[in-house]
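1. Structure of the sequence below:
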Amino acid sequence: MFTLNQDGESYCVNGSTLTIGEDAITVPETYREKPVTAVGDSAFARHKMKSVSLPNTVISIGESAFYECTELTSVTDPEKATEILTGAFYGCSSLISVHLPEGLLRLEEQAFTGAKGWKKFRCPTVCNLWAEARSKIAI
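-> You can find the predicted model right below:
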């Protein structure tokens, strides 16, 4: 499911039509010949997928986008993402590795709260989010 963004030039993914047994989601780079630039609020909340691949066209991950996706172990993060909103990965208790993109400018409250299984967490060196992020995520 996609919705046209206000700019009229790009799309936001707002969910998936997963069928039982599917454990991976790949968000396409384009939809109707326009880039997919956002993952919408609660787009994949409580889905049972194990992995998500987001294209480099995505610049925003919405509020609660992957809320309580308890089986999610890996996310291929878009390198151009500039914001991860409130609770985007809240309750993703199986998430093992997180690599925040270098261009990240905004990391909101509880973005990763409850993601307890991490083995790797990489924060951008370019931004000064680490001190603030530590108060917003459970490591």
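2. Could you list the buried residues of stretch 30-47?
-> 31, 34-45, 47 (16 or more other C-beta atoms under 10 Å). Heads up, the C-betas are built off the backbone N, CA and C, glycines and all.
3. ok, what's across the strand from the most centrally placed residue in the chain?
-> The centre of the chain sits closest to Ile61, judged by C-alpha atoms, centre = their mean, with a distance of 4.8 Å. Beta-bridge partners for Ile61, by DSSP bridges, are Val39, Ile84.
4. Sketch out the low-pLDDT regions of this structure for me.
-> In the predicted model, the chain carries pLDDT under 70 at residues 17-21, 118-139.
5. Just the helices from it, written as ranges.
-> Using DSSP state H, the helices found in the chain span residues 130-134.
6. Would you map the strands across the protein?
-> 2-4, 11-13, 24-26, 30-31, 34-39, 51-53, 60-61, 74-76, 83-84, 97-99, 106-107, 120-122 (DSSP state E).
7. re the thing from before, wait, the residue nearest to the centre of the chain touches Lys80, no?
-> No: contact criterion C-beta atoms under 8 Å: Ile61 and Lys80 do not qualify, at 11.5 Å.
8. still on that earlier bit, any chance of the buried residues of stretch 30-47 in a markdown table, with distance to Gly114 too?
-> Below are the buried residues of stretch 30-47 laid out as a markdown table (distance: C-beta to C-beta, whole Å):
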| residue | distance to Gly114 |
| --- | --- |
| Tyr31 | 30 |
| Lys34 | 34 |
| Pro35 | 31 |
| Val36 | 27 |
| Thr37 | 27 |
| Ala38 | 23 |
| Val39 | 18 |
| Gly40 | 21 |
| Asp41 | 18 |
| Ser42 | 16 |
| Ala43 | 18 |
| Phe44 | 16 |
| Ala45 | 13 |
| His47 | 16 |
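9. Distance check, Gln82 against Ser16.
-> In this structure residue 82 is Thr, not Gln. Noted for Thr82: a distance of 23 Å to Ser16, by C-beta to C-beta, to the nearest Å.
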